[in-house]
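**Student:** Test case, fold it:
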Amino acid sequence: MTTGANAIAGPRVRSLAASTAGASLRGLALGVFAFAILGPLANLVLWSVAERWYTPFKLPVVYGFRYWEAVFRPTGDAMASLGTSIEIALLTVVFAFALSIPAGYALGRLRLPGRVLLLILFMLPQAFPSVAIYMNVARIFYTFGWTGTVAGVVAVHTVHGLVYSVWIAAAAFAAIDRDLELAARNLGASAWRTFLTVTLPLATPGLMASAVFVFLESLDEFTGTFFVGVPQVSTLPLLLYNASMGGNYQIASITALILLVPSILFMLVIERFLNPQVLSRIGR
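**Tutor:** I've put the predicted structure just below:
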């Protein structure tokens, strides 16, 4: 009798041990992942409120918001740099849309020869080391007087953002049911009216997600702005870089947190607009 009970309990004990070990491993993996994500963020928050922090202390010696006041001071560089960053990002979205909507429609709705090759061409700015590219771009822009201007920085950001705007726009147009366009044409609508009243509204969610991607990419862009815009154009990423290189980690941390806010907010917008149907069409 005892032997039979032991025979039944043995597998249960082993199953419970395996389940406990699996739960422990999952918990450990989740803890490591959370530390990798939240650890740097917690360090930024600590530096942003640290008025005095030096070795051998593990935590700030004096806490305060003196550096926050310095950043948000109307006469400070941070707000001016933020305004410049937003201006450049909005202009980048406008110019990227002017190129990506017709290109996305052609690549998503028309049977173009070499369509895959054209999509790959839009990825070329991402395929090469950015420093080498922007050094040569800065040299070319210098001959046209575009260095140190907002127009030059917008041009660089627009080319850099086309890989997102064109690919997502093409996916958004490709996901539209062609029967809806045919129905509009059968009811007497012209090709242009069909595009404005049927195709474009249905593609708007994907285009909005594309605009958000381009806006965030422009807002966080550093390398192109550094080579083309410095010293006349100062954006928030450049201010963050200068503060870090100067050892002013409080200002750098506050600037990084400011840049983090629109990224989080806009990612929530992207999650709403990018539906699985559009995502399945990207690159197809």
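
**Student:** what about residue 252, helix or strand, and which?
**Tutor:** helix 249-273 (DSSP states H and E).

**Student:** I'd like the average pLDDT over that helix.
**Tutor:** Taken as a whole, helix 249-273 has a mean pLDDT of 79.

**Student:** ok, residues contacting it?
**Tutor:** 41, 43-45, 47-48, 50-51, 67-68, 70-71, 78, 82, 205-206, 208-209, 212-213, 215-216, 219-220, 236-237, 239-240, 243-244 (C-beta atoms under 8 Å, 6 or more residues apart in numbering). All C-beta atoms are positioned from the backbone trio N, CA, C, and that covers glycine.

**Student:** Tell me the buried residues in that helix?
**Tutor:** 249-259, 262, 266, 270, 273 (16 or more other C-beta atoms under 10 Å).

**Student:** hang on, the earlier thing: which of the contacts of helix 249-273 fall in helices?
**Tutor:** 41, 43-45, 47-48, 67-68, 70-71, 78, 82, 205-206, 208-209, 212-213, 215-216, 219-220, 236-237, 239-240, 243-244 (DSSP state H).

**Student:** Show me the helices in the stretch 51-200 of the chain, by range?
**Tutor:** 66-72, 77-109, 115-121, 124-127, 130-144, 150-174, 178-186, 191-194, 200-220 (DSSP state H, counting those that start in this stretch).

**Student:** Wait, residue 54 touches residue 61, no?
**Tutor:** Yes - using C-beta atoms under 8 Å, residue 54 is in contact with residue 61, at 7.0 Å.

**Student:** shaky segments in the stretch 1-150 of the chain?
**Tutor:** Applying pLDDT under 70 to the stretch 1-150 of the chain flags the ranges 1-19, 21-22, 34, 75-76.

**Student:** next one: the helix holding residue 252 to chain centre, how far?
**Tutor:** On the basis of C-alpha atoms, centre = their mean, to the nearest Å, helix 249-273 sits 10 Å off its chain's mean C-alpha point.

**Student:** Please apply the same query to stretch 163-177.
**Tutor:** With C-alpha atoms, centre = their mean, you get 17 Å for stretch 163-177.

**Student:** what does stretch 159-169 give?
**Tutor:** Counting by C-alpha atoms, centre = their mean, stretch 159-169 comes out at 12 Å from the chain centroid.

**Student:** Same question for stretch 100-117.
**Tutor:** That offset, for stretch 100-117, works out to 24 Å (C-alpha atoms, centre = their mean).

**Student:** so what's the nearest residue to residue 159 once chain neighbours are set aside up against?
**Tutor:** The shortest distance from residue 159 to any non-neighbouring residue, by C-beta to C-beta, 6 or more residues apart in numbering, is to residue 125 (5.6 Å). Neighbouring residues of residue 125 by C-beta under 8 Å, 6+ apart: 133, 159, 160, 162, 163.

**Student:** Residue 106 too?
**Tutor:** Applying C-beta under 8 Å, 6+ apart, the residues near residue 106 are residue 112.

**Student:** residues contacting the nearest residue to residue 105 once chain neighbours are set aside?
**Tutor:** With C-beta to C-beta, 6+ apart as the criterion, residue 105 has its nearest non-adjacent residue at 5.1 Å, and that residue is residue 173. Going by C-beta under 8 Å, 6+ apart, residue 173 touches 104, 105, 107, 108, 109, 199, 203, 206.

**Student:** which two in the residues you listed are spaced the farthest apart?
**Tutor:** Greatest spatial distance in these: 107 and 199, 13.8 Å, computed using C-beta to C-beta.

**Student:** filter the contacts of helix 249-273 to the buried ones?
**Tutor:** For these, buried by 16+ other C-beta under 10 Å: 44, 47-48, 50, 67-68, 71, 78, 82, 205-206, 208-209, 212-213, 215-216, 219-220, 236-237, 239-240, 243.

**Student:** Quickly note the distance from residue 191 to residue 105.
**Tutor:** 11 Å (C-beta to C-beta, to the nearest Å).

**Student:** If we ignore the residues flanking it in sequence, what's nearest residue 161?
**Tutor:** residue 214 (3.9 Å).

**Student:** confidence score at that neighbour?
**Tutor:** So, for residue 214, pLDDT stands at 90.

**Student:** ok, it - how many residues close by?
**Tutor:** 27 (other C-beta atoms under 10 Å).

**Student:** In contact with it, which residues?
**Tutor:** For residue 214, the contacting residues are 89, 92, 93, 96, 161, 164, 165, by C-beta under 8 Å, 6+ apart.
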